[in-house]
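> Build me a model from this:
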Amino acid sequence: MLLLGIETSCDDTAVAILRDGRDAIANVSTNQDEFHRAYGGIVPEIASRAHLALLSAAIEHTLDRARMTLADCDGIAVTYGPGLIGSLLVGVATAKALAFAARRPLYAVNHLHGHLFAPFLESTEAPPYPFLALLVSGGHTQLVAVDGPTQLRVLGKTRDDAAGEAFDKTARLLGLGFPGGPALDALARDGDARAIAFPRYRPEGDALDFSFSGLKTSVRYFLERPENARVRREDVAASFQAAVVDALVARVDAAFSRGSFRAVALSGGVAANSYLQQRMRAWAERCGVDLFIPPRSYCTDNAAMIAAAAEAQGEAVRVDPLVLAADPNLPFERIGNAA
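Next comes the predicted model:
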C-alpha cells in the first residue's frame, strides 16, 4: 500500500509517500518561518499564499525522490481540518484534483488523528492497542485513549492555552525569536528549573484537564517586577518549562493508573521538547511502561503521519473527491467526512 500524504493545516507545506503505514519512502516538508518571523507569529494569509507557491513543487519533488509517478500511488491522503481555513483549502483542493485525475481513492484525515499515528512511523514496533496518547502541540493539549484506529476517547484537554501556545507566548516575554518553543527549550538547558516556584495547575476532583494561562500570567508578572530584573533568563525559562512538564507528566501518570493501557505514546510539536522527553522516559522507566516517541521530524506537522492515519483508519476515512470540504473547526471526534 503506497499512499501520497498532503499536510497544509498551518504553515508547513508537507508531502510524503508512505509504504504500508510505516515506511516513509520520501518525506518533504518546507516550513515558512522566514515568512512569519518579522510578525512574531503565523499570518494566515501569508501561510495560504506560501502553500500555493510551494505545494506543487513539493509534490513533484516527493515523487522524484521516491522515483515514482502519481499512477504508482494506491491512494491520496490529505488533512481536511482543523487548522487555518486558507491553508487547508490549498491542500484539500490539490488532493481532490489529484485523486480525481488519477482515479485514486481519497482519504480525509483529521489533523489531530495524524499526530496520534506519528509514533508508528519508522518504527519496528508500534504502540499496541489500547494505548494512552499525550498530544501536545501549539494548538492542542489532550490525553487520548486510543482503543483502536477509529476508537478514540478524549480523557482530558486544556481549558485555555495549549502547552505549545504557552511556550511561544512565554518565549516572546523573554525576548526570544520565532518560533519560540525550540528557542525556549534551548535557553532552558542552561537554567535552574528550581530557581523560581511558578504555579502548577491542579484540576478539581478526578479531572485530567490542563490549564496554562495562569502560568503564563505568572511569568509575565514575575518579569515585570523591578526586583527580578537581574534574574537570569535561563532560570526563568527552565522554571517555566518545569512547571509545564510537571503538569503533563502528572496527568499522564493519573490517566495511566486509571486505565488498562498497554503503552503510552507522546506526539505533537511539543513532543520534540528535550526536557519533556527526558521526564517522560524517566517516568516510563520507573513505572515499567512502554513509551513511544516519534523521531523529531515526525513530532511537528508532517505528511507522513497523515498517510499513516489514513492507512490505519482505512475505509472509515475514504471520501468522494467531489464532496470533500475543508473544516477549520473540525472536532477531534470526527472521523472521515461524509458530507
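
> where does stretch 152-162 sit relative to the chain's centre, distance-wise?
Counting by Cα atoms, centre = their mean, to the nearest Å, stretch 152-162 is centred 14 Å from the centre of its parent chain.

> The residue nearest to residue 85 when sequence neighbours are not counted sits in which helix or strand?
Leaving aside its sequence neighbours, residue 85 sits nearest to residue 328 (Cβ to Cβ, 6 or more residues apart in numbering; 4.2 Å). (Each C-beta comes from the backbone N, C-alpha and C, glycine too.) Here residue 328 sits in a region with no helix or strand, counting by DSSP states H and E.

> Would you agree residue 328 is in contact with residue 89?
No. With contact defined as Cβ atoms under 8 Å, residue 328 does not reach residue 89; the gap is 9.3 Å.

> more crowded one of those two?
residue 89 (19 against 16; other Cβ atoms under 10 Å).

> what helix or strand does the more buried one sit in?
Here residue 89 is assigned to helix 85-102, by DSSP H and E.

> helices and strands around that helix, which ones?
Here helix 85-102 touches strand 2-7, helix 44-66, strand 75-81, strand 106-110, going by 3 or more Cβ pairs under 8 Å, 6 or more residues apart in numbering; DSSP states H and E.

> Nearest to residue 186 among those would be which one?
Evaluated over the helices and strands packed on helix 85-102, closeness to residue 186 peaks at helix 44-66, with 24.6 Å, by Cβ to Cβ.

> Alpha carbons of the closest one, as CSV, please.
Output in CSV follows, covering the C-alpha atoms of helix 44-66 (Å, rounded to 0.1, in the frame of the first residue of the first chain):
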residue,chain,number,x,y,z
PRO,A,44,-2.8,33.2,7.9
GLU,A,45,-2.9,35.0,4.6
ILE,A,46,0.8,34.7,4.1
ALA,A,47,0.6,31.0,5.1
SER,A,48,-2.0,30.2,2.5
ARG,A,49,-0.2,32.1,-0.3
ALA,A,50,3.0,30.3,0.5
HIS,A,51,1.3,26.9,0.3
LEU,A,52,0.0,27.9,-3.2
ALA,A,53,3.6,28.7,-4.2
LEU,A,54,5.2,25.6,-2.7
LEU,A,55,2.8,22.7,-2.8
SER,A,56,3.0,21.7,-6.5
ALA,A,57,6.8,21.7,-6.3
ALA,A,58,6.8,19.8,-3.1
ILE,A,59,4.6,17.0,-4.7
GLU,A,60,6.9,16.8,-7.7
HIS,A,61,10.0,16.7,-5.5
THR,A,62,8.5,14.0,-3.3
LEU,A,63,7.6,11.8,-6.3
ASP,A,64,11.1,12.4,-7.8
ARG,A,65,12.8,11.4,-4.6
ALA,A,66,10.7,8.2,-4.4
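
> can you tell which of the helices and strands packed on helix 85-102 is closest to residue 190?
When the helices and strands packed on helix 85-102 are ranked by proximity to residue 190, the top entry is helix 44-66, at 32.6 Å, counting by Cβ to Cβ.

> Okay then, goodbye and thanks.
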